[in-house]
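Student: Return atomic coordinates for the entry below.
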Amino acid sequence: MRSFTYFCLAATALISTAALAEVPMLSGGVGKVERAQIEAQQGDYDTKLVFSGQGGAFVANVQVDVTDKSGASVASILTDGPILLLQLPAGTYHVHAATRNHEKSFNVTVSGKGLKTVNTVFPIKDNAELTDSNGAYLPKEAPDGSYVPSDSY
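Tutor: Here you go, the predicted structure:
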């Protein structure tokens, strides 16, 4: 009888651990080379979030929180660049993205077939809003896909 009880407790612990498993994700895409590297890996993911401002500049340092339909947290990350790749199980998720006093919330439905891309545009219009927490300008993309150094703004 004791071995059966122990087995049930061990099985419950394994199920809880699996339910808390971290969602695979990759963030980056600052600069043409890094963007090409991250896009080369996007086939390993099913969800791609791209963040930019109204003026077309990509936006990094976005706090992204993803919850499932029951409201349970699935993923939370401060992005390293304008692109966030996630590998989510099929389903509908609520995404909340916040940066520089701007917030966007939306739902994403993942089918498990192919890459779902969502472009999120924040109402950021000028360079003053494109600075990091230390006041340094974040890189701005030039028309040829390269990034303009922050000292040339």
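
Student: so where do the helices sit in the protein?
Tutor: 2-19, 32-40 (DSSP state H).

Student: what's the least confident stretch among those helices?
Tutor: Set side by side, the helices of the chain give their lowest mean pLDDT on helix 2-19, at a mean of 31.

Student: quick one: low-confidence parts of the protein?
Tutor: 1-21, 126-153 (pLDDT under 70).

Student: please redo it, this time with the cut-off set to 90
Tutor: 1-22, 30-32, 54-58, 100-101, 112-113, 124-153 (pLDDT under 90).

Student: The nearest residue to residue 48 once chain neighbours are set aside: how many residues sit nearby?
Tutor: Excluding its sequence neighbours, the residue lying closest to residue 48 (C-beta to C-beta, 6 or more residues apart in numbering) is residue 117, at 4.5 Å. The C-beta positions use only the backbone N, C-alpha and C, and glycine is treated the same way. By other C-beta atoms under 10 Å, the residues close to residue 117 number 13.
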